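> Kindly generate the corresponding structure for this input.
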Amino acid sequence: MAKKSSYDASSITVLEGLEAVRKRPGMYIGSTSRKGLNHLVYEIVDNSVDEHLAGYCDHIEVVLEADGSAYVKDNGRGIPVEMHEKGMPAERLVFTTLHAGGKFGNDVYKTSGGLHGVGSSVVNALSVWMDVQICRDGQIFHDRFSRGLPDLELSDGLLPVIGKTKETGTTIRFLPDPEIFEVTRFSATDIKSRLHETAYLNPSLTIRFEDRRGETPYAEEYHEPDGIMGYIRDLNRNKEQICEPICIKGSSEGIEVEIALQYVNEFHENVLGFCNNIYNAEGGTHLTGFKSAFTSVINNYARELGILKEKDANFTGSDVRNGMTAVISVRHPDPSFEGQTKTKLDNQDAARAVSKVTSEEVVHYFDRNLEVLKNVLSCAEKAAKIRKTEERAKTNMQAEVLLRQQREAGQL
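Purely as a prediction, here's the structure:
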């Protein structure tokens, strides 16, 4: 019999500071695979994008260095460096303390993707080293960390000043820790895709990407003034398009909603959801609001135009979205996500806001563009016929199987 171990007060462990992040990194970045590794870059970029949303940053630079490190530079306001009431510079507090940041109130950031105040400190904790330079107040401030712990001595509680400048902004360099990650080579393809996506969601933002790891450095710049309309065109560039992209905008309950959609001649749907520039891979309430409202609008038109008779059942959501490519982007002052990696939006007010904007603005558009409406209804009608044919075939097949089983059992 196994020896019993005692379970008492001494069995309870308290992880101090950033120890919890290094002990259970998956809780904060999803995994320690390449996907989690890339997420480190996204966390820092998202903070720079929040500066853009606040109106203080229009250029972000992301570089993958030959030594395996990465850096993100923006021209925002620069992280505050003055002494915080907690007894250290505000910048150091941000990088060494979980749940420390400027996103908890709506005074500094009206909308933001960083909400929990853990992104910067998590990246710091999971890096061999992190180097931070902040330009503000005419000076360049410097800080450096090793696996989450400060390396530099403070003078009278202030960060070292290493130069003067007229610029503002923050530059963060970091080297992922091989003790944490299964692989430490960033995926340029995935990061480029994420940065390009971010540029589509922020038409006045320019993002420059550079990969210095190969024999020949590679650089690309992303600036998409057409916004998510351009994103839809890009997604459908090699497909047979049934109509031009449709773009609607509106706001409700303090939530800004922007939707772009287009139909192509393919039998599937591609509906993407974003909240405060963060891609929600598992969807959420904003997608639910869009889907239910759009389905209702199309069914109402189908009955008004006599495509659906009184005895006919409504088109299903899948019927209505057959051939649809859509991007639903919301900007929410207080979003609630399931988990730190923000894969699913959970706010019920987002569902209401998107539903209201969709119901009103889609009707306004289709009332002025009847040919587009007819094309959309044709897609739904075609999908419904295929679905009903498949359902009948499945029913007939099940009946045949049942008859065969009954014959074999001697019941017929």
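> residue ranges with poor pLDDT in the stretch 1-150 of the chain?
Across the stretch 1-150 of the chain, the stretches falling below the confidence threshold (pLDDT under 70) are 1-17, 99-118.
> In which helix or strand does F274 reside?
Here F274, judged by DSSP states H and E, is contained in strand 270-275.
> neighbouring strands for that strand, and are they parallel or not?
Using DSSP bridges, strand 270-275 pairs in its sheet with strand 278-279 (antiparallel), strand 324-331 (parallel).
> tell me the mean pLDDT over it?
Along strand 270-275, the predicted local confidence has a mean pLDDT of 96.
> Pull the residues that contact that strand.
113, 201, 235, 279-280, 283-284, 286-287, 290-291, 321, 324-332, 335, 337, 342, 345, 350 (Cβ atoms under 8 Å, 6 or more residues apart in numbering). Just so you know, the C-beta spots here come from the backbone N, C-alpha and C atoms, and that holds for glycine as well.
> Repeat that for stretch 369-380.
Judged by Cβ under 8 Å, 6+ apart, the contacts made with stretch 369-380 from elsewhere in the structure are 242-244, 246, 263, 298, 301-302, 305, 307, 315, 319-320, 322-324, 365-366.
> returning to that earlier point: can you flag the buried ones in the contacts of strand 270-275?
With burial judged by 16 or more other Cβ atoms under 10 Å, the buried subset of the contacts of strand 270-275 is 113, 201, 235, 279-280, 283-284, 286-287, 290-291, 321, 324-332, 335, 337, 342, 345, 350.
> ok, back up a step: how far out from the middle of the chain is the strand holding F274?
The offset between the C-alpha centroid of strand 270-275 and the centroid of the whole chain comes to 9 Å, using Cα atoms, centre = their mean, to the nearest Å.
> which parts of the helix or strand K394 falls within are buried?
Using DSSP H and E, K394 sits in helix 370-408. Judged by neighbour count (16+ other Cβ under 10 Å), helix 370-408 contains these buried residues: 372-373, 376-377, 379-381, 383-384.
> Show the end-to-end separation of stretch 332-347, please.
End-to-end distance of stretch 332-347 (Cα to Cα, to the nearest Å): 9 Å.
> go on, stretch 236-246?
According to Cα to Cα, stretch 236-246 extends 13 Å from its N-terminal end residue to its C-terminal end residue.
> average pLDDT across that stretch?
Throughout stretch 236-246, pLDDT has a mean value of 95.
> centre of the chain versus that stretch, how much separation?
24 Å.
> From here on, call the first residue 112.
In the new count, where the first residue is 112, that last one comes out as stretch 347-357.
> Identify the residues contacting that stretch?
Identification of contacts with stretch 347-357 by Cβ under 8 Å, 6+ apart yields 340, 343-344, 371-377, 434, 436, 473, 476, 483, 486-487, 490.
> just to confirm, which helix or strand has F285 in it?
Taking DSSP H and E as the definition, F285 sits inside strand 280-287.
> Tabulate the CA atom coordinates of that strand in CSV.
What follows is strand 280-287 as a C-alpha-only set of coordinates in CSV (Å, rounded to 0.1, in the frame of the first residue of the first chain):
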residue,chain,number,x,y,z
GLY,A,280,6.9,55.9,-27.9
THR,A,281,7.9,52.6,-26.5
THR,A,282,10.4,50.0,-27.8
ILE,A,283,10.3,46.5,-26.3
ARG,A,284,12.9,43.8,-27.1
PHE,A,285,12.7,40.3,-25.7
LEU,A,286,14.2,36.8,-26.1
PRO,A,287,11.8,33.9,-25.5
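> Identify the residues contacting it?
Outside of strand 280-287, the residues that reach it under the criterion Cβ under 8 Å, 6+ apart are 148, 151, 155, 159, 168, 176, 178-190, 231, 234-235, 237-246, 295.
> Give the pairing partners of it; include direction for each.
Strand 280-287 is paired, per DSSP bridges, with strand 181-185 (antiparallel), strand 238-247 (antiparallel).
> Following the chain onward from that strand, which element is next?
Past strand 280-287, further along toward the C-terminus, the next helix or strand under DSSP H and E is helix 299-312.
> Of the contacts of stretch 480-491, which belong to helices?
Mapping the contacts of stretch 480-491 onto helices (DSSP state H) picks out 409, 412-413, 430-431, 476-477.
> Please check the residues you listed and keep the buried ones.
409, 412-413, 430-431, 477.
> mind showing which ranges of the stretch 362-511 of the chain have poor pLDDT?
Of all residues in the stretch 362-511 of the chain, those with pLDDT under 70 make up the ranges 450-452.
> and with 90 instead?
Applying pLDDT under 90 to the stretch 362-511 of the chain picks out residues 378, 389, 447-454, 499-511.
> Wait, F320 touches P328, no?
No: under the criterion of Cβ atoms under 8 Å, F320 is not in contact with P328, lying 11.1 Å apart.
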